[in-house]
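Asks: the following block contains a protein sequence and its predicted model.
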Amino acid sequence: MIKSCPDKRGVALFITLAAVAIVIILANVVLNIMSTQGRLTHHQVSRIQAYYAAQAGMVYTMEMLKSGAWSADASNIRYACHRSCIDSVAATYTIPTDADIPYNIQVTIYPLGSGISGTTRLDIKTDYTYSG
């Protein structure tokens, strides 16, 4: 007659529980890495969208100034805003609202001759903030 040793069954149970614990810990580490990567990707995409929104505001402002629809005053700073201005200033010009651009854009148009070689200087701001 073969006797089973109770110590061997206890060791097998301990090994199984240890293996399950290791798998759970590794799964948590992998899920944490994936979650962090997802947040970083979302942040990067939002930052790039804000950058291109600012570029679109700048190009639109330049086109409006070139076509003569807007003018840069010789002595006053003017503001062009998409949705609303960022610095609590009154908008002189309005950049049309676009549902694809989720950010406020503010373009500051400085007086004539304030830029390089007597050109008009533009400053562009967006209200991109990341909450993750």
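Replies: Alright, I've got the coordinates. Numbering: from 1, shown residues only.
Asks: tally of neighbours for Y79?
Replies: 18 (other C-beta atoms under 10 Å). Using the backbone N, CA and C atoms, a C-beta is placed for each residue, glycine as well.
Asks: and it, what element?
Replies: strand 78-82 (DSSP states H and E).
Asks: mind giving me the packing neighbours of that strand?
Replies: Secondary-structure packing of strand 78-82 (3 or more C-beta pairs under 8 Å, 6 or more residues apart in numbering; DSSP states H and E): helix 6-67, strand 93-95, strand 105-109.
Asks: list the helices and strands the longest one packs on?
Replies: The reference is to helix 6-67. By 3+ C-beta pairs under 8 Å, 6+ apart, helix 6-67 packs against strand 78-82, strand 93-95, strand 105-109, strand 122-126.
Asks: of all these, which one is nearest A27?
Replies: The closest of those to A27 is strand 122-126. By C-beta to C-beta, the value is 39.1 Å.
Asks: would you mind getting the angle between that closest one and strand 78-82?
Replies: 30 degrees (axes from the mean of the first three to the mean of the last three C-alpha atoms, to 10 degrees).
Asks: what does strand 122-126 contact?
Replies: Applying C-beta atoms under 8 Å, 6 or more residues apart in numbering, the external contacts of strand 122-126 come out as 50-51, 53-55, 57-58, 61-62, 86-87, 103-110, 115.
Asks: between helix 6-67 and that strand, find me the angle.
Replies: Between the axes of strand 122-126 and helix 6-67, defined by the same axes, to 10 degrees, the angle is 150 degrees.
Asks: run me through the strand neighbours of strand 122-126, direction for each.
Replies: When sheet partners are counted by DSSP bridges, strand 122-126 sits next to strand 105-109 (antiparallel).
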